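Visitor: coordinates only, sequence not included:
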């Protein structure tokens, strides 16, 4: 058996010979290629991590205090670290000036970063829907500067799969803490509002009492989100579960679920940071010119920055938090249900 050699294991011959600039070697095109190839390698790893987490949450039961939840949070935190690297990597590309870029820019047309299949798959697997994308018509046809037939079909097929967001919603909806049998001993703090579970009746009054005169309009949103329709892709029950986890996050059994929710928010924020840095860099490089693929360039990136939030409902929940000192005391049956010793 031949000893394994470093360059053979990493197949460096393939990797290091895959940079083929279209311009002369005196330009910064090599840097441009290396940066984007590095992005694609990290995108491949992100897809791998997201698929593992999706597989975990595709189960009918995810034990919040078992190994699966821990693995899922760990994988998503790795995605966070990767995106932190991707944001910082923009700084390296910005060492190339706009005139340096113009030396080879026209040779790239009509290719564009818009055509990154892996990045579009990441967005789709996380839960960004086609109809929610900025200028969705860019994605819905095969055109010069857009996707080829194979990539378009790949994105379409991924969008038919269960997204991480959808799986998280189903997980939240399965939260068992509001079974009425668990709340028989609960002592209501206020008169129970007709037709509303005792805890949520009290919570509404506590939240109302916490609002200033200028914040009274929040009551309408509270009613819609937690007592009627939910928010966005999150049902009422899913939003209730998320709020409950965030309010009682100090309970040991909620440490991992809370970590999960905040990590999803981190991913959304880092994607926004990456889009923001990309938009600023594009303005710096080409001003108001159109992108090489035919989009509006910085204008398109600014629109995507404003619109492409995936887990915006989770951020919204902080609007409805109350002071920790005002949290209702949970009945023993609920505490036992949330105990690590629950069978």
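Guide: Nice, I can see it. Just so we're clear, the structure is a prediction, and the values are computed from it rather than from any experiment.

Visitor: And this protein, split by domain according to the record?
Guide: What automatic domain parsing lists as the domains of the chain is 25-174+254-307, 180-253+321-337.

Visitor: Surely residue 166 is in contact with residue 235?
Guide: No. The pair residue 166 / residue 235 is not scored as a contact, 11.2 Å apart, by C-beta atoms under 8 Å. Yep, even glycine has a C-beta here, placed from its N, CA and C like the rest.

Visitor: Which SSE is immediately downstream of the helix or strand of the chain with the lowest mean pLDDT?
Guide: When the helices and strands of the chain are scored by mean pLDDT, DSSP states H and E, helix 298-307 comes last with a mean of 70. Downstream of helix 298-307, the next assigned helix or strand under DSSP states H and E is helix 312-316.

Visitor: Could you state which residue of this structure sits nearest its centroid?
Guide: What sits nearest the mean C-alpha location of the chain, by C-alpha atoms, centre = their mean, is residue 268, with 4.1 Å.

Visitor: From residue 58, how far out is the nearest residue to that residue once chain neighbours are set aside?
Guide: In this structure, residue 268 finds its nearest non-sequential neighbour in residue 311, 4.7 Å apart by C-beta to C-beta, 6 or more residues apart in numbering. Per C-beta to C-beta, to the nearest Å, residue 311 is found 18 Å from residue 58.

Visitor: And those two? Which one has more around it.
Guide: Regarding residue 311 and residue 58, a neighbour count based on other C-beta atoms under 10 Å identifies residue 311 as having more, with 24 against 15.

Visitor: Tell me who's in contact with that one.
Guide: Going by C-beta atoms under 8 Å, 6 or more residues apart in numbering, residue 311 touches 127, 165, 264, 265, 267, 268.

Visitor: Apply 10 Å and report the result again.
Guide: The contact partners of residue 311, by C-beta atoms under 10 Å, 6 or more residues apart in numbering, come to 126-127, 164-165, 168, 232-234, 261, 263-269, 271.

Visitor: Any of those residues buried? List them.
Guide: The neighbour-count test (16 or more other C-beta atoms under 10 Å) marks 126-127, 164-165, 168, 232-234, 261, 263-268, 271 as buried among the contacts of residue 311.

Visitor: Closest to residue 28 out of these?
Guide: Distance to residue 28, by C-beta to C-beta, is smallest for residue 271 among those, at 26.4 Å.

Visitor: Residue 6 and residue 13 touch, don't they?
Guide: No. Between residue 6 and residue 13 there is no contact under C-beta atoms under 10 Å: 11.9 Å.

Visitor: out of these two, which sits in the more crowded spot?
Guide: Neighbours were counted for residue 6 and for residue 13 using other C-beta under 10 Å; residue 13 has more, 10 against 7.

Visitor: Give the closest residue to the more buried one in space, chain neighbours not counted.
Guide: What sits nearest to residue 13 in space, not counting adjacent residues and going by C-beta to C-beta, 6+ apart, is residue 7, at 7.0 Å.

Visitor: mind checking the SS state of residue 222?
Guide: Classification of residue 222 using DSSP: H, G, I helix; E, B strand; the rest coil returns helix.

Visitor: what's the least confident stretch among the domains of the chain?
Guide: Per-stretch mean pLDDT for the domains of the chain is lowest at domain 25-174+254-307 (a mean of 86).

Visitor: Figure out the helix or strand that residue 59 lives in.
Guide: Using DSSP H and E, residue 59 sits within no helix or strand.

Visitor: Now do the contacts for it.
Guide: The neighbours of residue 59, taking C-beta under 10 Å, 6+ apart as the test, are 68, 167, 171.

Visitor: gap between the last one and residue 202?
Guide: Translated: residue 171. According to C-beta to C-beta, residue 171 stands 25 Å off from residue 202.

Visitor: And stretch 225-239, what's buried?
Guide: So, applying 16+ other C-beta under 10 Å, buried residues of stretch 225-239: 225-227, 230-239.

Visitor: mind listing the helices for the stretch 201-343 of the chain?
Guide: 218-227, 236-247, 255-286, 298-307, 312-316, 332-337 (DSSP state H, counting those that start in this stretch).

Visitor: Show me what secondary structure element comes after the host helix or strand of residue 121.
Guide: Element membership for residue 121 (DSSP H and E) is helix 117-126. Helices and strands here follow DSSP H and E; after helix 117-126, the next one along the chain is helix 149-159.

Visitor: list the buried ones in that next one?
Guide: Buried positions in helix 149-159, judged by neighbour count with 16+ other C-beta under 10 Å: 151, 152, 154, 155, 158, 159.

Visitor: Now the third one: closest residue in space that isn't a chain neighbour?
Guide: Looking back up the chat, that one is residue 154. Residue nearest to residue 154 in three dimensions, not counting chain neighbours: residue 117, with 6.2 Å by C-beta to C-beta, 6+ apart.
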